[in-house]
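Novice: generate a structure from the sequence data that follows.
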Amino acid sequence: MRVSVPTIPYTITTPGATKRTISPSAAVDRIADFLAPGNVTLLTGAGVSVASGIRAYRGKDGRYMNPNYQPIFYHELTDESAKGFAFRKRYWLRSYLGYPPVRDALPNTSHYALAALQFTSHIPHLITQNVDGLHHKTITHLWEPHRIQEHILELHGTLHRVHCKRGHVVRRDVFQDWLSTSNPQWKVFVDNLEKTGQKPRTNPDGDVELEGVSYADFVVPECPECMLEGERNSFHKPEVIFFGESIPARIKDRSFYDIERSDRVFVVGTTLATYSAFRLVKRALELRKPVLLLNVGPTRADELPGVEKLEVSISLVLRDAVRALLGSRASQNSTIVHLLQSGIHQPPPEDHRVISNETSTCIKEK
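Specialist: Residues are numbered from 1 along each chain as shown. Below you'll find the model as predicted:
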């Protein structure tokens with residue numbers, strides 16, 4: 001079975017998209033004007049979370065920032081053979097190391113600016129490709145869980161829940177504790193990383209880069225609920241859509257519905273390399289809805305007539321655009337004031353390290 005990692009052309013030279021490299025002040029005005037009519041569906045990608053310290057898959061040229069990136073595909077993870085068992089060990093060791101930085105990440109200024117527009121109902125529907133849960137973190141203090149579910153759709157799932165093959169669901173934090181208990185030597189290694197402030201090079205899906213590290217001794221724990229039912233089962237999967245995996249019909253239908261019931265679509269921080277997101281933009285254009293794309297670097301939608309693109313940094317303009325749109329409410333409404341004063345700006349450093357044989361020697365010696 002052959003499955004390709006979604007990508008976009010390295011160079012896109014087409015007259016299709018209206019590409020505008022403009023000043024930040026002009027971008028602020030254009031974004032505010034576009035959002036002013038309201039009933040906007042927002043589609044976000046990994047670029048929104050970069051200022052939270054979560055590295056994007058692709059750089060400004062549209063290519064993978066790690067040219068040796070090798071994700072685990074769905075058919076590999078779910079293989080029932082010994083080979084699949086080995087793939088699951090590989091995945092969960094990498095995820096065990098990569099999850100803490102994602103778990104501990106904080107929403108940035110752009111997350112909070114977008115939350116302000118959710119609060120004012122300018123953006124009633126948000127579709128995110130991100131699995132980090134940061135859009136949820138920005139608004140949990142304002143909305144009940146059921147309302148969040150109604151207004152935020154996680155197109156590619158979430159890292160924060162895990163389910164076994166037989167359907168038992170557990171929070172990722174709990175599963176992280178299971179992994180720690182089953183692998184005390186790796187627990188010491190992770191604790192040392194956190195104590196020293198060192199962070200491995202982590203992808204947006206919580207997958208960490210490892211070089212020359214053995215997975216053979218890593219233990220994936222058995223599901224305790226299955227054991228209570230007299231079954232042995234160590235087959236676990238995060239509630240994330242893997243490369244090569246189909247999006248559930250209910251999620252696909254909901255994503256199209258959120259596009260169809262909007263009056264316009266705002267696309268932020270994504271190359272739209274995955275078809276599940278790209279087809280939503282195509283659907284909006286089919287329905288003749290205005291589409292504004294805010295992203296630095298080439299995207300898959302650059303060939304589509306009808307897409308207006310602004311080439312400017314998200315964190316440079318988004319909060320000011322919201323202030324311009326909301327006018328006096330941005331300084332007089334206490335909730336909006338709080339949202340527009342909140343958020344970090346801590347992009348990941350270029351020297352996040354790759355864990356290799358040398359950095360994990362302590363594991364092998366124990």
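Novice: where do the helices sit along the stretch 101-250 of the chain?
Specialist: Remark: helices assigned in the stretch 101-250 of the chain by DSSP state H, counting those that start in this stretch are 109-119, 134-139, 145-151, 172-182, 184-196, 224-228, 249-260.
Novice: next, format the ones you listed as JSON lines and append distance to Val48, mean neighbour count and mean pLDDT.
Specialist: Placement of C-beta: from N, CA and C, glycine included. Below are these laid out as JSON lines (distance: least, Cβ to Cβ, whole Å; neighbours: other Cβ atoms under 10 Å; pLDDT from 0 to 100):
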{"stretch": "helix 109-119", "distance to Val48": "6", "mean neighbour count": "25", "mean pLDDT": "98"}
{"stretch": "helix 134-139", "distance to Val48": "8", "mean neighbour count": "22", "mean pLDDT": "98"}
{"stretch": "helix 145-151", "distance to Val48": "16", "mean neighbour count": "12", "mean pLDDT": "98"}
{"stretch": "helix 172-182", "distance to Val48": "21", "mean neighbour count": "17", "mean pLDDT": "98"}
{"stretch": "helix 184-196", "distance to Val48": "25", "mean neighbour count": "14", "mean pLDDT": "91"}
{"stretch": "helix 224-228", "distance to Val48": "35", "mean neighbour count": "13", "mean pLDDT": "97"}
{"stretch": "helix 249-260", "distance to Val48": "17", "mean neighbour count": "15", "mean pLDDT": "98"}
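Novice: Phe243: which of the ones you listed is closest?
Specialist: Closest to Phe243 of these is helix 249-260 (Cβ to Cβ; 16.3 Å).
Novice: identify the residues contacting the following helix or strand past that closest one?
Specialist: The element immediately downstream of helix 249-260 (helix or strand, assigned by DSSP states H and E) is strand 264-268. With contacts defined as Cβ atoms under 8 Å, 6 or more residues apart in numbering, strand 264-268 is touched by 31, 34-35, 37, 39-45, 47-48, 110, 114, 123, 259, 280-281, 284, 289-295, 301, 314, 318.
Novice: same list, the helices of the stretch 101-250 of the chain, but as TSV with distance to Lys83 please.
Specialist: TSV is the format used below for the helices of the stretch 101-250 of the chain (distance: least, Cβ to Cβ, whole Å):
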stretch	distance to Lys83
helix 109-119	39
helix 134-139	35
helix 145-151	37
helix 172-182	21
helix 184-196	22
helix 224-228	22
helix 249-260	29
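Novice: how about those helices, which one is nearest Gln341?
Specialist: Nearest of the helices of the stretch 101-250 of the chain (Cβ to Cβ): helix 109-119, 8.2 Å.
Novice: which parts of the stretch 251-366 of the chain are helices?
Specialist: Counting by DSSP H, counting those that start in this stretch, residue ranges of the helices within the stretch 251-366 of the chain are 275-286, 314-326, 329-332, 334-340, 361-365.
Novice: looking at this structure, which strand is longest?
Specialist: strand 157-164 (DSSP state E).
Novice: gap between the spatially most central residue of the chain and Asn203?
Specialist: With distances taken as Cα atoms, centre = their mean, Asn130 lies nearest the centre of the chain, 2.0 Å away. The spacing between Asn130 and Asn203, counted by Cβ to Cβ, to the nearest Å, is 12 Å.
Novice: try Val219
Specialist: 23 Å.
Novice: same deal with Thr109?
Specialist: Separation of Thr109 from Asn203 (Cβ to Cβ): 23 Å.
Novice: with Tyr74 instead?
Specialist: 16 Å.
Novice: and the two? Which one has more around it.
Specialist: Applying other Cβ atoms under 10 Å to Tyr74 and Asn203 shows that Asn203 carries more neighbours, namely 21 against 18.
Novice: wait, that one sits on Tyr57?
Specialist: Yes. Contact criterion Cβ atoms under 8 Å: Asn203 and Tyr57 qualify, at 6.5 Å.
Novice: that older thread, now for the helices of the stretch 251-366 of the chain, which one comes closest to Asp191?
Specialist: The nearest among the helices of the stretch 251-366 of the chain, by Cβ to Cβ, is helix 361-365 at 11.5 Å.
Novice: where exactly do the strands run in the stretch 1-150 of the chain?
Specialist: 18-20, 40-44, 125-128 (DSSP state E, counting those that start in this stretch).
Novice: closest one to Met227 among the ones you listed?
Specialist: When these are compared by Cβ to Cβ, strand 125-128 sits nearest Met227, at 35.0 Å.
Novice: for that closest one, packing partners?
Specialist: Here strand 125-128 touches strand 40-44, strand 152-154, helix 249-260, going by 3 or more Cβ pairs under 8 Å, 6 or more residues apart in numbering; DSSP states H and E.
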